[in-house]
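[1] Take this sequence and fold it.
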Amino acid sequence: MKNTINILALVAVFALPLTLFPARSPGPPATGRVHSVVSLSPSITAAIVDLGAADLLVGVSYRHPPLSRSVEVVGDLARVDMERIVALGPDMVFFSAEDGATQIADRVRAIGVPAHRFGRSRDFDDICAHYMDLGDMLGRGARAREQIGEYRRALSRIARAPGGPRVALFISHAPLIPAGGGSFAGRMIEAAGGRNAFGGIDRPFPVVSAEHLVRLDPDVIVSIDADPGKYFSSGAFRGLRAVRRGAVRSIDADLIGMYTPRNFVAAAGELGRLIADAGKS
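    Sure thing, here's the model as predicted:
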């Protein structure tokens, strides 16, 4: 699975006590005073590129979206090279509550480099708010608001399947981990016109049992696995409504795992197509 590690990193963070990550981060730095940045999150890097501010990047995490020029890699989701960050001398290091714990982000502040942590994203509005905060910090506030307007219009145009089928979106099969009611991925299902089969669980990515899935019996199953039909067509899952109807589909992990406005809209659009296609089965 492409970039599955990024999504499982989210799961690890959400399993920690919520007191470690407040819903809102401290106030952002003054507008226009950030001229060089290190991004420790692939999603934040993607947002910076989307804002037309890639020229400000002096350091990124190992897994990052395509960049038009070479940028220093300062670590991966498990380890951050503090000496490299100090040598780069950025005005700001950005990280997120979504994946900050595995990046040892508190150590960044300990070495005297200014850092800003974005809060957790539970839905599209949270993602947009963080995007606009980032835009303001980078002096791209006007562009951020213009882009958000376009993304909201695009989201409103997504064709929604009638009847609101119950959709289970899995980011892991072993163990079974769906998008719960507390995740932005779960909100993607709703934006696509579906109903999150695991929306009643107010956690982002809960671990569930096979019996729980069988009991819920969703209309559609979507997974980041390349061949979820093979997994769900065996054993206890063969009798599931989605399996019987041939309504088991795969989706790109990059769409689900990146919490940017652009990716949210793209993922909702793709989910809408998958749901509509599964309904024809």
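[2] Distance from the chain centre to the helix ranked longest in the chain, please.
    Criterion DSSP state H: the longest helix present in the chain is helix 261-279. When distances are taken as Cα atoms, centre = their mean, to the nearest Å, helix 261-279 is centred 14 Å away from the chain's centroid.
[3] Let's test this: mean pLDDT of it, rounded?
    Average pLDDT, helix 261-279: 91.
[4] domains of this protein?
    Segmentation of the chain into domains, based on automatic domain parsing, reads 4-155, 166-279.
[5] Deepest in the core, which of those is it.
    Ranked by mean neighbour count, the domains of the chain are led by domain 166-279 with a mean of 20 (mean count of other Cβ atoms under 10 Å). No exception for glycine: its C-beta is placed from N, CA and C like everyone else's.
[6] what's the offset of it from the middle of its chain?
    The answer for domain 166-279 is 14 Å, by Cα atoms, centre = their mean.
[7] What's the separation between the spatially closest residue to residue 35 that is not a sequence neighbour and residue 59?
    Leaving aside its sequence neighbours, residue 35 sits nearest to residue 91 (Cβ to Cβ, 6 or more residues apart in numbering; 5.5 Å). To residue 59, residue 91 is 12 Å away according to Cβ to Cβ, to the nearest Å.
[8] same check, this time on residue 141
    On the measure of Cβ to Cβ, residue 141 and residue 59 end up 23 Å apart.
[9] do residue 205 as well
    Taking Cβ to Cβ as the measure, residue 205 falls 28 Å from residue 59.
[10] With residue 269 instead?
    In this view, residue 269 and residue 59 are 32 Å apart by Cβ to Cβ.
[11] same thing with residue 195?
    To residue 59, residue 195 is 41 Å away according to Cβ to Cβ.
[12] about what we covered before: what's the least confident stretch among the domains of the chain?
    Among the domains of the chain, domain 4-155 carries the lowest mean pLDDT, a mean of 80.
[13] What helices and strands are in contact with the biggest strand by length in the chain?
    When the chain is parsed with DSSP state E, its longest strand is strand 166-172. With contacts taken as 3 or more Cβ pairs under 8 Å, 6 or more residues apart in numbering; DSSP states H and E, strand 166-172 sits against helix 4-14, strand 177-178, helix 184-191, strand 195-196, helix 210-216, strand 220-223, helix 253-257, helix 261-279.
[14] quick one: contacts of the second one?
    Meaning strand 177-178. Residues outside strand 177-178 that contact it (Cβ atoms under 8 Å, 6 or more residues apart in numbering): 11, 168, 169, 170, 171, 197, 198, 205, 206, 207, 208, 213.
[15] Bridge partners for the fourth one, pull those for me.
    With DSSP bridges applied, residue 170 shows beta-bridge pairing to residue 178, residue 223.
[16] On the three-state scheme, residue 249 is what?
    Following DSSP: H, G, I helix; E, B strand; the rest coil, we place residue 249 in the strand state.
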